[in-house]
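missing the sequence, but the structure's below:
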């Protein structure tokens with residue numbers, strides 16, 4: 001009996017040291033860890049400019065990793081011309097995020113794009129960061145599948161009535 005108690009006690013101690021607790025395990029509603037992404041202020045500022053009804057000089061943005069950083073996301077391109085112009089400016093070999101105001105109905109869409117030449121590790125890291133970046137691009141109606149040559153007529157939006 002005493003050996004059984006010792007074994008059970010040791011097992012509990014191991015579980016406490018190795019297993020996540022109720023307070024830290026995300027599956028149990030505990031505190032969740034950050035994805036580690038650092039979305040720079042330029043992304044938020046440009047997105048605010050896109051969402052501003054009185055400013056029509058910018059209606060899309062593309063954000064990606066800042067230089068050689070694996071965690072910092074910054075604006076790499078922005079402009080006017082809608083989805084068509086945004087699609088023309090997609091970087092090859094680099095994972096990116098973006099947002100656009102649709103010209104026909106004024107709705108806002110976001111996207112994640114990773115071209116064929118994008119390194120596998122960067123593609124994986126970017127997909128982990130997607131929600132963190134999209135949290136900065138708030139007020140979007142939906143996410144679209146962005147690709148080179150996309151036009152606003154090709155964007156299928158489920159309208160919310």
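That came through, no problem. Only a predicted model underlies this, so the values are computations on that prediction, with no experimental measurement involved. Numbering: from 1, shown residues only.

Now do the contacts for residue 137.
Residue 137 is in contact with 43, 47, 97, 99, 110, counting by Cβ atoms under 8 Å, 6 or more residues apart in numbering. Where C-beta positions appear, they are placed from N, C-alpha and C, glycine not excepted.

if I read this right, the first one contacts residue 135, doesn't it?
By that I understand residue 43. No - checked against Cβ atoms under 8 Å, the pair residue 43 and residue 135 is beyond contact range at 10.8 Å.

Name the residue in the two with the higher neighbour count.
The residue with more neighbours, out of residue 43 and residue 135, is residue 43; 21 against 11, by other Cβ atoms under 10 Å.

which non-adjacent residue is nearest the more buried one?
Ranked by Cβ to Cβ, 6 or more residues apart in numbering and with sequence neighbours excluded, the top spatial neighbour of residue 43 is residue 63, at 4.9 Å.

list the contacts for that neighbour?
39, 43, 73-76, 96-98, 133.

what's the answer for residue 110, then?
97-99, 134, 137, 140, 142-144.

These in helices, which ones?
residue 134 (DSSP state H).

export the contacts of residue 110 to TSV and tack on pLDDT and distance to residue 86?
Formatted as TSV, the contacts of residue 110 follow (pLDDT from 0 to 100; distance: Cβ to Cβ, whole Å):
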residue	pLDDT	distance to residue 86
97	97	12
98	97	6
99	96	9
134	93	16
137	93	13
140	92	14
142	91	15
143	92	14
144	93	10
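
Neighbour-wise, which one of the contacts of residue 63 leads?
residue 98 leads those on contacts (other Cβ under 10 Å) with 29 neighbours.

list the buried ones in stretch 142-155?
By neighbour count with 16 or more other Cβ atoms under 10 Å, stretch 142-155 contains the buried residues 144, 146, 150, 152, 155.

before we move on, back to that, so is the residue nearest to residue 43 in a helix, a strand, or just coil?
Under DSSP: H, G, I helix; E, B strand; the rest coil, the three-state class of residue 63 is strand.

next one: residue 90
coil.

so how far is residue 53 from it?
Separation of residue 90 from residue 53 (Cβ to Cβ, to the nearest Å): 26 Å.

Equivalent analysis for residue 103, please.
13 Å.
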